[in-house]
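Participant: would you be able to build a 3D model of this:
(chains A and B)
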Amino acid sequence: MSLSEAIAVERWTPASRTAVGVVVLLAIALAFGPSFLGAGATDRLTALFIYIILAAMWNALAGFGGLVSVGQQAFFGLGAYFAIRLADAGLDPFVSLAVAAVLVGVVALPLSFLMLRLGGGEFAIGMWVVAELAHLLVNLDTLVRGETGTSLISLNVYDTVTRRNTIYWLALGAMLALLGVLFVLLRSRTGAAIQAIRDNESAAASVGVHVLGTKRGLFVLAALGAGMAGALWLATSVTFQPKSFFSVQWTAYMIFMVLVGGIGTFEGAIIGAVIFFLVETWFGSAGVWYLVGLGAAAVLFSLLLPKGLWGAVESRWSLRLLPVGYRLKLPSLKAGE
Amino acid sequence: MIDALIQGVLLGGYYALIAAGLSFMFSVMKVINLAHGSLAVFAAFMLFTLGDRFGLSPFLGLLIVLPLMAVVGWLLQKLMLERANRAGTLVPILATFGLSIVIDNLLFQQFGANTRSLAPYIGSLSYDSWQITDEISVGKVAVLTFVTAVVVLGLLQLFLSFTPLGRAVRATAEDGDTAGLVGIDARKINAVATAIAIVTVGLAGAALGLRATFDAYAGGAQLLFAFEAAVIGGAGSVWGTLFGGIALALGQSLGAQIAPQGFLIGGHVVFFVVLFARLFLPGSTFRARLAAALRRPAA
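Facilitator: Numbers count the residues shown, from 1 in each chain, chains lettered A, B, ... in the order given. Below you'll find the predicted structure:
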């Protein structure tokens, strides 16, 4: 038997099959959440789902596409703004949320032609300029009334319980859909291209990967996801104040979640979001020191543990729960062979 | 109209001054420091503290703050950028962004939400002006800032072109390992270069505090101004930075003429027009040749 016949490509492991099973069961259990959770817990879980969307989408862009953006709040804010506009035009507020996210994706497409020309750091800050400009332009809309802001008033036609539960299900559904799309995408042929770009852009191009087109796809997906998160956040907080939605703090949160969890790993972003959620729950009241801590954690993780907690776990125990890559299983070589 | 143009050009001096360090670090060390604006605001707060506590004029305060900024730059390179650069191109962006969040919030913790200015500590200079014609006068602080920007940019150019250290900096930027072969200590050179860049950030912080007000979270906006000026001017070229700062400021003045909220929008629009133009102006042609010509040492 020649060596090449003995090499197998491994895409699933027993551990990862179990993990996917657990994820499916967990998703089903979460779908029944509102029937056994209190109002407060339902709201908190909705926030967690939104954090997971933000982390997964920023990770898709930075961790897999190699595009670090500090301006994703542009899409977060635009998602909320479009939802306000659509609801004001008479569309059902819940439908508006989803349509707004799609619109953000549509806006991101032409923008990508301009922004993807920029390299590393230029792209990062350039996106921040995009966010600032989007913020200023939204402020010009008389409906928004400048920094005073406005509300998603039409949500009031639904009673509190319907509202809370519907937003919960929308957030859960959006999270599962976006994670699902990302998981399938990363396991597909495109996913191999994406991970090749992540590891070495020039090498990927040299073996025929369409680098720019693949990056464009990730850029639009990440924008759409951030827009969805913004629209959902608007639904939970009801009021739209441009300043808070277009704040660079959102990007700081995304970076914290992804760096701590593990940049460039599918599981890492989700774990990072859960950690951020817990940190916020326990220390959020510490105000400024809490933010100092988030920034410091981002610095320390990027310098000392660049693959994050999950990356460390992965390499320590060779564990893969939601594998998106390919691994070669080599037969153990015996002496004399 | 003439007045608006002159004021715009002078304001451009401030943008060029704050862009100088960013552009220098980007072109020489290939690092974009996202804490750039926050460090400028930090310097402004240090000068404010010296004025507030000890009644020290900001000009004398610079004698303390500029060496402090040099130390900050040295430490920034030694403790953060050196390690970050080794880890890949994305890590410095993430690490310096984290640093900016730490600086902003520590400043907020220390100084609160109040806006500050250095104007109270320079007496009548803050509103003194030179009368050019009956309608046009220029503020002394604005002229001082503009002159400082030209001097800083000119010194950086001379430093890179004519001093042994400047040549070592350029050699390290070109190829650190090969520079090492001829006896250049790349790590030391990079630390010196960062220290120099951060000293210019200290000057920009002083200019910020003298011409306007600032608060703990003003760093982000300053970073964007610096970045826009550097990109408009063509990152990497010293005099391009001055041109970029002026173009940014003129865009803002023009925007403000159209609508009151148009000031910042006008600047951003200039930035995006330049980006759009770059789509049709590949780096290999005119712009690159221009940049190369500007950078080429006279010798």
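
Participant: from here on, contacts and neighbour counts on C-alpha atoms
Facilitator: Noted.

Participant: quick check: residues of the stretch 101-250 of chain A near chain B?
Facilitator: A:114, A:117, A:120-122, A:124-125, A:128-129, A:133, A:136-137, A:140 (CA under 8 Å from any CA of the partner chain).

Participant: which one in those residues is the model shakiest on?
Facilitator: Lowest in pLDDT among those is residue A:120, which has 74.

Participant: what is the neighbour count of it?
Facilitator: Residues near residue A:120, counting by other CA atoms under 10 Å in any protein chain shown, number 20.

Participant: so what's it up against?
Facilitator: In this structure, residue A:120 makes contact with A:67, A:68, B:89, B:90, judged by CA atoms under 8 Å, 6 or more residues apart in numbering or on different chains.

Participant: try residue B:190
Facilitator: B:29, B:77, B:169, B:172.

Participant: just the terminal-to-terminal distance for stretch B:133-146.
Facilitator: 20 Å (CA to CA, to the nearest Å).

Participant: what's it in contact with?
Facilitator: Against stretch B:133-146 from outside (CA under 8 Å, 6+ apart): B:3, B:6-7, B:10-14, B:17, B:125-132, B:207, B:210-211.

Participant: cool, and stretch A:173-183?
Facilitator: A:27, A:49, A:50, A:52, A:53, A:56, A:60, A:225, A:228, A:266, A:324.

Participant: so who does the third one touch?
Facilitator: This points to residue A:50. A:171, A:175, A:229, A:232, A:233.

Participant: what's the farthest-apart pair in these?
Facilitator: A:175 and A:233 (12.9 Å; CA to CA).

Participant: before we move on, the earlier item: closest to residue B:217 out of the contacts of residue B:190?
Facilitator: Looking across the contacts of residue B:190 and measuring by CA to CA, the closest to residue B:217 is residue B:77, at 23.4 Å.

Participant: quick one: contacts for whichever residue of the stretch 101-250 of chain B sits closest to chain A?
Facilitator: Of all residues in the stretch 101-250 of chain B, residue B:102 sits closest to chain A, at 4.7 Å by CA to the nearest CA. Contacts here follow CA under 8 Å, 6+ apart; on that basis residue B:102 touches A:291, A:292, A:293, A:295, A:296.

Participant: if we use 6 Å, what do you get?
Facilitator: A:292, A:295 (CA atoms under 6 Å, 6 or more residues apart in numbering or on different chains).

Participant: same check, this time on residue A:220
Facilitator: Counted by CA under 6 Å, 6+ apart, residue A:220 has contacts A:105, A:108, A:109.

Participant: looking at the residues you listed, spot the one nearest residue B:147.
Facilitator: residue A:108 (41.1 Å).

Participant: so what's residue B:115 closest to, chain neighbours aside?
Facilitator: Take residue B:115 and drop its neighbours on the chain: the residue closest to it by CA to CA, 6 or more residues apart in numbering or on different chains is residue B:215, 4.6 Å away.

Participant: what are the boundaries of the strands in the chain?
Facilitator: Using chain A. A:8-10, A:150-151, A:239-240, A:327-329 (DSSP state E).

Participant: looking at chain B here, not the other one
Facilitator: B:129-131, B:137-139.

Participant: winner for burial among those?
Facilitator: Scoring the strands of chain B by mean neighbour count under mean count of other CA atoms under 10 Å in any protein chain shown gives strand B:137-139 as the most buried, with a mean of 16.

Participant: mind checking how far that strand is from the chain centre?
Facilitator: 23 Å (CA atoms, centre = their mean, to the nearest Å).

Participant: next one: stretch A:218-231
Facilitator: 8 Å.

Participant: please apply the same query to stretch A:159-178.
Facilitator: For stretch A:159-178, the distance to the chain centre is 17 Å (CA atoms, centre = their mean).

Participant: just the buried residues of that stretch, please?
Facilitator: A:163-172, A:174-176, A:178 (16 or more other CA atoms under 10 Å in any protein chain shown).

Participant: ok, stretch A:54-68 next?
Facilitator: A:54-68.

Participant: would you mind listing what in chain B touches chain A?
Facilitator: Residues of chain B lying close to chain A by CA under 6 Å from any CA of the partner chain are B:32, B:84, B:95, B:98, B:101, B:102, B:105.

Participant: make CSV out of these and add distance to residue A:19 and pLDDT.
Facilitator: Shown next, in CSV, are these (distance: CA to CA, whole Å; pLDDT from 0 to 100):
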residue, distance to residue A:19, pLDDT
B:32, 40, 87
B:84, 34, 85
B:95, 32, 91
B:98, 33, 93
B:101, 36, 93
B:102, 37, 95
B:105, 39, 93
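
Participant: that'll do, ta.
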